[in-house]
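*Asks:* build me a model:
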Amino acid sequence: MAPGSWLLALWALAALVLPSSGEEGDGGWRRGGPGAAAEEQRCTVERRADLTYAEFVQQYAFVRPVILQGLTDNSRFRALCSRDRLLASFGDRVVRLSTANTYSYRKVDLPFQEYVEQLLHPQDPTSLGNDTLYFFGDNNFTEWSSLFRHYSPPPFGLPGTAPAYSFGIAGAGSGVPFHWHGPGYSEVIYGRKRWFLYPPEKTPEFHPNKTTLAWLRDTYPALPPSARPLECTIQAGEVLYFPDRWWHATLNLDTSVFISTFLG
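*Replies:* Numbering: from 1, shown residues only. Predicted structure coming up:
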């Protein structure tokens, strides 16, 4: 099979899959899609289930990413983020979507229910970032405060910073191309999200208007081992910490529900 053909085949197959019927464990969100087989087992980011605050500051906070496991219990928040419950509580709320490219963003406002029912489908591998609408951040989340009060953020803060939440839901194969900002956490509530990360001094090779899926298909296979990013698939219930100014791109392997805690 020609390079990248498996992605197109996966997308065609995923496009035929009906939305999940709400089986236990997936919250009613669609599983699988383009990129779902994207070296999911390759992980070069350390996982820690027993991390102390002192270890976090000394070993990770300013140095490298880490995946946290079991430090908080968000089972209640997870239950409230099922497809049916979110539509019942927030379906008529207007949300602002942004295009999934790096430097220029088009904004679209529409009801949350319309986004979920009409736009939350597997990513077309041939589409550009300007054509991909993404629900994450850039919203008046005071209207969602009844949901966020049930969320327990990661317990480790940084001196001089205050946490700010960004909540997102995105289709399989979608993602945000490489960019950087301040430090923070990202927790997957439903689905799986693959991360690719480079330290600040190592600018990745990418086109700002190509999707992460296109980068994975076209650029990633040609990278020598020394030029490959740190990478890992974050499972539901896991939290990724990324330090300040680290380049990162994401790829949703399923329809993903996720929440980030930015330390600004």
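
*Asks:* E238: neighbour count?
*Replies:* E238 is flanked by 19 other residues according to other C-beta atoms under 10 Å. For the C-beta atoms, the positions are set from N, CA and C on the backbone; glycine is no exception.

*Asks:* pull the contacting residues for it.
*Replies:* Neighbouring residues of E238 by C-beta atoms under 8 Å, 6 or more residues apart in numbering: R47, I67, L68, Q69, E187, V188.

*Asks:* in the protein, which spans are helices?
*Replies:* Secondary structure of the chain by DSSP state H: the helices cover 5-15, 53-59, 75-80, 83-90, 112-114, 145-148, 212-218.

*Asks:* which of the contacts of E238 are buried?
*Replies:* I67, L68, E187, V188 (16 or more other C-beta atoms under 10 Å).

*Asks:* follow-up on the earlier one: from the contacts of E238, pick the one nearest S260.
*Replies:* Distance to S260 across those (C-beta to C-beta) is lowest for E187, with 7.6 Å.

*Asks:* just confirm the closest one contacts F77, I think it does.
*Replies:* No - E187 is not in contact with F77 according to C-beta atoms under 8 Å; the separation is 9.2 Å.

*Asks:* tell me the contacts of the spatially closest residue to R30 that is not a sequence neighbour?
*Replies:* Of all residues not flanking R30 in the chain, T255 sits nearest, at 4.2 Å (C-beta to C-beta, 6 or more residues apart in numbering). For T255, the contact set (C-beta under 8 Å, 6+ apart) comprises W29, R30, R31, G33, L120, I169, A170, G171, A172, Y190, G191.

*Asks:* pLDDT score assigned to the last one?
*Replies:* Model confidence at G191, given as pLDDT, is 96.

*Asks:* what sits against it?
*Replies:* Here G191 is in contact with D26, W29, R31, A172, A236, N252, L253, D254, T255, S256, V257, F258 (C-beta under 8 Å, 6+ apart).

*Asks:* any idea how far R83 is from it?
*Replies:* Look at G191 and R83: by C-beta to C-beta, to the nearest Å, they are 11 Å apart.

*Asks:* shared neighbours, these two?
*Replies:* With contacts taken as C-beta under 8 Å, 6+ apart, the residues that reach both G191 and R83 are W29.

*Asks:* what's the closest of the contacts of T255 to S98?
*Replies:* A170 (11.0 Å).

*Asks:* list the beta-bridge partners for the closest residue to that closest one other than its chain neighbours.
*Replies:* Leaving aside its chain neighbours, A170 sits nearest to N252 (5.0 Å; criterion: C-beta to C-beta, 6+ apart). N252 forms beta bridges with K193, as assigned by DSSP bridges.

*Asks:* and for N252, the neighbour number?
*Replies:* The burial count for N252: 31, using other C-beta under 10 Å.
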